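# sequence isn't available, so here's the structure alone:
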């Protein structure tokens, strides 16, 4: 249903194998492995909500240890566009392949049509502020106001700036932006809330056509999402992909040579979400930007390769 979630599945000891605990981003945990570790496991699951990916965690359990596989599933990124304009159509076309669920809202019937917005997932013929309230933007949402009309812009921005949306931007000149800020202050928005508004919207790429403006907008959305300032890479220093600060060569060794069948089959092939447990582990390791992954197989090598 478009919500972030994390799932914890018991791996060992055998008494916990297969037990599950699920956590949604805005709700209490559902399920249980054991009351002794549920609270700590819930905390681990909530961390996985933010970080994403999967990993095995080991927790103290009744004088021994429990191994649990925890995987976070992020909610799909949403791009909410107020105003079914030419720029909106171009922005939807660029944003959709990058994984954004694109919603366009405009109460004007001639503009808000699927024919004009073929790349949007949803085209809503309603006032943008009402549509935004119903959609409930979260921390994975970006809001772009392109209507260029105060009766649409100001109510929508007031609602967006008080939401958890990570990006809020609006089209318009610097003079328009100054007037808009005054109107938002009249609605009671604080200076801290107004400081979150990206206007005039987009990075300074120099374009004027709808497609060029859309590119500048999406570039700024990406920069904000990844905590970048949008400048040329040649002006910086250090790793291109921030966070990759390690020195030397980093390798991971995945040990899958055991023959234990306490889970009813080889543990590496235990089903989890329709895929073998080992596949989840390998996917998580592969996403970590390591230089090398070494998979150690044992007597069950043929069965694992087939799976």
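Thanks, I have it. Note that the coordinates shown come from a computational prediction; the quantities given were computed from them, not determined experimentally. Residues are numbered from 1 along each chain as shown.
# contacts only, for residue 76.
Taking CB atoms under 8 Å, 6 or more residues apart in numbering, we find residue 76 in contact with 2, 99-101, 140. The C-beta positions use only the backbone N, C-alpha and C, and glycine is treated the same way.
# now residue 126
Contacts of residue 126 (CB under 8 Å, 6+ apart): 105, 107.
# what are the buried residues along stretch 46-65?
Residues of stretch 46-65 classed as buried: 46, 48-49, 53-55, 57, 61 (neighbour count, 16 or more other CB atoms under 10 Å).
# need the residues you listed in a markdown table with distance to residue 160, can you?
Listed next are those as a markdown table, based on distance: CB to CB, whole Å:
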| residue | distance to residue 160 |
| --- | --- |
| 46 | 26 |
| 48 | 28 |
| 49 | 23 |
| 53 | 29 |
| 54 | 33 |
| 55 | 34 |
| 57 | 37 |
| 61 | 45 |
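# among these, which are in helices?
Under the assignment DSSP state H, the buried residues of stretch 46-65 contribute 46, 48-49 to helices.
# mind listing what's buried along the helix ranked longest in the chain?
If you go by DSSP H, the chain has its longest helix at helix 210-225. Within helix 210-225, the residues that qualify as buried are 210, 213-222, 224, counting by 16+ other CB under 10 Å.
# which of these sits closest to residue 80?
residue 221 (11.5 Å; CB to CB).
# that closest one and residue 141 touch, don't they?
No: using CB atoms under 8 Å, residue 221 is not in contact with residue 141, being 10.6 Å away.
# circling back to that earlier point, just the buried ones from the contacts of residue 76?
For these, buried by 16+ other CB under 10 Å: 100-101, 140.
# among those, which lie within strands?
Within these, residues falling in strands by DSSP state E are residue 101.
# now the buried ones among the contacts of residue 76 as JSON lines including distance to residue 172 and pLDDT?
Listed next are those as JSON lines, based on distance: CB to CB, whole Å; pLDDT from 0 to 100:
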{"residue": "100", "distance to residue 172": "22", "pLDDT": "92"}
{"residue": "101", "distance to residue 172": "25", "pLDDT": "92"}
{"residue": "140", "distance to residue 172": "25", "pLDDT": "83"}
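# strands of the stretch 201-307 of the chain, start to end?
Under the criterion DSSP state E, counting those that start in this stretch, the stretch 201-307 of the chain contains strands at 251-256, 271-272, 275-276, 292-297.
# quick one: average pLDDT of the second one?
When pLDDT is averaged over strand 271-272, the result is 70.
# now the first one
Looking at strand 251-256 alone, the average pLDDT works out to 67.
# what about residue 111, how many neighbours?
For residue 111, the neighbour count with other CB atoms under 10 Å is 19.
# dump the residue contacts of the residue nearest to it when sequence neighbours are not counted.
The shortest distance from residue 111 to any non-neighbouring residue, by CB to CB, 6 or more residues apart in numbering, is to residue 84 (4.0 Å). Residue 84 makes contact with 104-106, 108, 111-113, 116-117, 123 under the criterion CB under 8 Å, 6+ apart.
# make it 10 Å
Residues near residue 84 by CB atoms under 10 Å, 6 or more residues apart in numbering: 92, 104-113, 116-117, 120, 123-125, 128, 146-147.
# now the closest residue in space to residue 62 that isn't next to it in sequence: how far from residue 232?
Excluding the flanking residues, the one nearest residue 62 by CB to CB, 6+ apart is residue 36, at 6.2 Å. Between residue 36 and residue 232 the distance is 54 Å, computed by CB to CB, to the nearest Å.
# ok, those two, which is more surrounded?
Each of residue 36 and residue 232 has its neighbours counted (other CB under 10 Å); residue 36 has more, 13 against 6.
# wasn't that one part of a helix?
No: according to DSSP: H, G, I helix; E, B strand; the rest coil, residue 36 belongs to no helix; its state is coil.
# quick one, phi psi at it?
Main-chain dihedrals, residue 36, degrees, to the nearest 10: phi -70, psi -30.
# might one say that it is in contact with residue 65?
No: using CB atoms under 10 Å, residue 36 is not in contact with residue 65; the gap is 11.9 Å.
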